[in-house]
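Peer 1: fold the stuff below for me.
(one chain, ligands or ions: 2)
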Amino acid sequence: MNSFENNSSRYIGNDLIRFLGNDVLSAAPEKEPERQHYFIAQLKALGNPGASDAQDQSHDADVKPLTAAVVTFGCQMNARDSEKLTGILEEAGYEMTDDEENADFVIFNTCTVRENANEHLYGRLGRLKNMKKSHPERIIAVCGCMMQESDEVAKLRQKYAYVDLIFGTHNLYKFPELLFMLHRKRLGMVDSLEAVHAGNAVLTDSSADHERYEKLLRYGGNTGTQKDLEKLYRKPVVSVWQDSGDIVEDLPQQRKFPFKQGINIMFGCNNFCSYCIVPYVRGREKSRTPGEILEEIRRAAGEGVKEIMLLGQNVNSYRGISSEESVFMSFPELLQKVDDLAEETGIERIRFMTSHPKDLSDELIEVMAKSKHVCHQFHLPLQSGSSRILKRMNRHYDKERFLDRAAHLREAMPDIVITTDIIVGFPGESEEDFLETLDVVEKVRFDAAFTFIYSKREGTPAASFDYQVDEADVKDRFDRLLELQNRIAAESLERFRGETLPVLFEDVSEYDPMMITGKLENGTTVHVAAEPEDQQRLIGTVRQVRLEESHGFYYTGSLV
Ligand code: 5AD
Ligand code: SF4
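Peer 2: Numbers count the residues shown, from 1 in each chain. Ligands and ions are numbered 1, 2, ... in the order given. Okay, the predicted model is just below:
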């Protein structure tokens, strides 16, 4: 018996209205995050009634907790958002599982940066269709970047009508309230979403269901109306906003690794690179205040976090206003403060991503080079080595400027690892343009490159550019780029062989249960043999490792 079937029995003698009724809804505080904490507590009571009732804990023990799976696509920002989703679900009493096909609740946190990310979601949803048929009481939710595209939401509502809950990137903090609203809807209470939208401009939502509901109720209770109502109760709750309102702090979160954490410093992007959909789905840039960021880091350090990653689509344009002084703080200034705080609190490593080459300043390089804890690792997306294509990409730097920035990084920190992103086959890319990209790859000698075939995103300027490149040419270029980059990466990795360097161990190796795997300060992966009884003691700590053999992308070594 799965836990949801088991769950239906937990309501015997309990009136669901007790957890979902109008009184409960109207008693919700207006202020955030208190409002969401309130709904989390209600969800917990709903999933496990005994827990909310001090006199009646007798049946608590034999009720299995509901299970939930969080499935994440895409970048570090999404990974961080998923930690927030997980934190909320755990606090609401769910037990987390990786088994999406059997979970009582599944949420897909989507990415839409390239077309194949979208296809990925549809594949996974398709697989859940039968499960949903046999277990209609299970809940499927979809959120993230892809839901900021109205066409995709329309497609879900039409062709994947078994999805129950849809929300976007700007209202992720409303997840507890939305889940509560979904439970009410299933029970026959189809609400106006006004309170959920909290005055924010809406891109797409399901508020028409509420209007229809009111109308049907006015018609009265003949069987036809009853059927229509029943249908309405199975429709999804949808709430997607156009842009972010306030940044809501202090919601629960659950770190994937106890010893490292992403810290959002800013959201959104104002750059509008011509191929990129991110500014449309993540909205305009919005920075958190230095006070909030430093406080979150201090708390993380107190909980034993050893490594933090400062996150933003474009961290170099961070402009946080410090409340005491009401002046803007730049990213290098923030990084300096974070480094000081790390020294004080025992954080060993600070990373950040992503930086835009156009505003990589000398000041930032200087802060990095002088810092005690900022890792000598830099992700510097090239996209193309051709100044002509860079211009069409709206990147605001040319080949020379990029080479200059990379050279400056290496000069200031000779041991730095530089990684990049490259797009092949951007509209109008000629063989000459492509050779310029290869030239930059040769000159900078990236330690790793994420290479992508250009993917047309509707709504971006590049989607209407002429001269889409011939598919066979794109494939040929992609292969040539990969071959060159792999050779360079392998050669450049060799430069650390024989050295003894600190490694932060993260996990048991996926490939060999007798090995543990960790990262050098510069981000390189290292595998080390460790007896099973020693593994848990080593994971989450920094140890000196002698790097013995390089294998193209990673090292094997031994503890000293
Ligand atoms: N096609 C291919 N790659 C893309 N990227 C962003 N948009 C596209 C697109 N339309 C790549 C860029 C970016 C990375 C996160 O994804 O290289 O740096
Ligand atoms: Fe997209 Fe350019 Fe913004 Fe990066 S900087 S998220 S590539 S628009």
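Peer 1: all contacts plus neighbour counts: C-alpha atoms, from now on.
Peer 2: Noted.
Peer 1: tell me the residues of the stretch 201-350 of the chain that contact ligand 2?
Peer 2: C269, N271, F272, C273, C276, V278, P279, Q313, N314 (C-alpha under 6 Å from any ligand atom).
Peer 1: okay, now the first one: neighbour count?
Peer 2: Going back to what we said before, that points to C269. C269 has 21 neighbours, counted by other C-alpha atoms under 10 Å.
Peer 1: hmm, back to that, out of the residues of the stretch 201-350 of the chain next to ligand 2, which is most surrounded?
Peer 2: Result: Q313 is most packed of these (other C-alpha under 10 Å), 26 neighbours.
Peer 1: Q336 contacts V367, correct?
Peer 2: Yes: between Q336 and V367 there is a contact under C-alpha atoms under 8 Å: 6.4 Å.
Peer 1: can I get the residues of the stretch 201-350 of the chain next to ligand 2 in a markdown table with pLDDT and secondary structure?
Peer 2: Below are these laid out as a markdown table (pLDDT from 0 to 100; DSSP: H, G, I helix; E, B strand; the rest coil):
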| residue | pLDDT | secondary structure |
| --- | --- | --- |
| C269 | 92 | coil |
| N271 | 93 | coil |
| F272 | 95 | coil |
| C273 | 97 | coil |
| C276 | 96 | coil |
| V278 | 92 | helix |
| P279 | 91 | helix |
| Q313 | 90 | coil |
| N314 | 91 | coil |
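Peer 1: just the residues you listed that are near ligand 1?
Peer 2: Within these, those near ligand 1 by C-alpha under 6 Å from any ligand atom are C276.
Peer 1: what is the nearest of the residues of the stretch 201-350 of the chain next to ligand 2 to ligand 1?
Peer 2: C276 (4.2 Å; C-alpha to the nearest ligand atom).
Peer 1: identify the residue spatially nearest to the closest one, adjacent ones excluded.
Peer 2: Nearest non-adjacent residue to C276, counting by C-alpha to C-alpha, 6 or more residues apart in numbering: T460, 6.5 Å away.
Peer 1: show the contacting residues for the one you found.
Peer 2: S274, Y275, C276, I277 (C-alpha atoms under 8 Å, 6 or more residues apart in numbering).
Peer 1: now swap in P502 and tell me
Peer 2: P502 sits in contact with L520, E521, V542, R543, Q544, V545, where contact means C-alpha under 8 Å, 6+ apart.
Peer 1: pop out the phi and psi values for it.
Peer 2: phi -70, psi 140 (degrees, to the nearest 10).
Peer 1: picking up where we left off before, got CSV for the contacts of T460, with secondary structure too?
Peer 2: Shown next, in CSV, are the contacts of T460 (DSSP: H, G, I helix; E, B strand; the rest coil):
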residue, secondary structure
S274, coil
Y275, coil
C276, coil
I277, coil
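Peer 1: can you flag the buried ones in those?
Peer 2: S274, Y275, C276, I277 (16 or more other C-alpha atoms under 10 Å).
Peer 1: just these now: which is nearest ligand 2?
Peer 2: Out of the buried ones among the contacts of T460, the member with the shortest distance to ligand 2 (by C-alpha to the nearest ligand atom) is C276, at 4.5 Å.
Peer 1: now do the helix or strand containing R212: everything it contacts.
Peer 2: Element membership of R212 [criterion: DSSP states H and E] is helix 207-219. Here helix 207-219 makes contact (C-alpha under 8 Å, 6+ apart) with V190, D191, S192, L193, T225, D228, L229, L232, V238.
Peer 1: burial measure for the residue nearest to the third one when sequence neighbours are not counted, as a count.
Peer 2: Nearest non-adjacent residue to S192, counting by C-alpha to C-alpha, 6+ apart: H210, 5.5 Å away. H210 has 17 neighbours, counted by other C-alpha under 10 Å.
Peer 1: domain assignment for the chain?
Peer 2: 3-241, 262-366, 376-496, 497-559 (automatic domain parsing).
Peer 1: tell me which of these sits nearest to V248.
Peer 2: Closest of those to V248 is domain 3-241, at 6.5 Å (criterion: C-alpha to C-alpha).
Peer 1: and stretch 113-130, average pLDDT?
Peer 2: Averaging pLDDT along stretch 113-130 yields 93.
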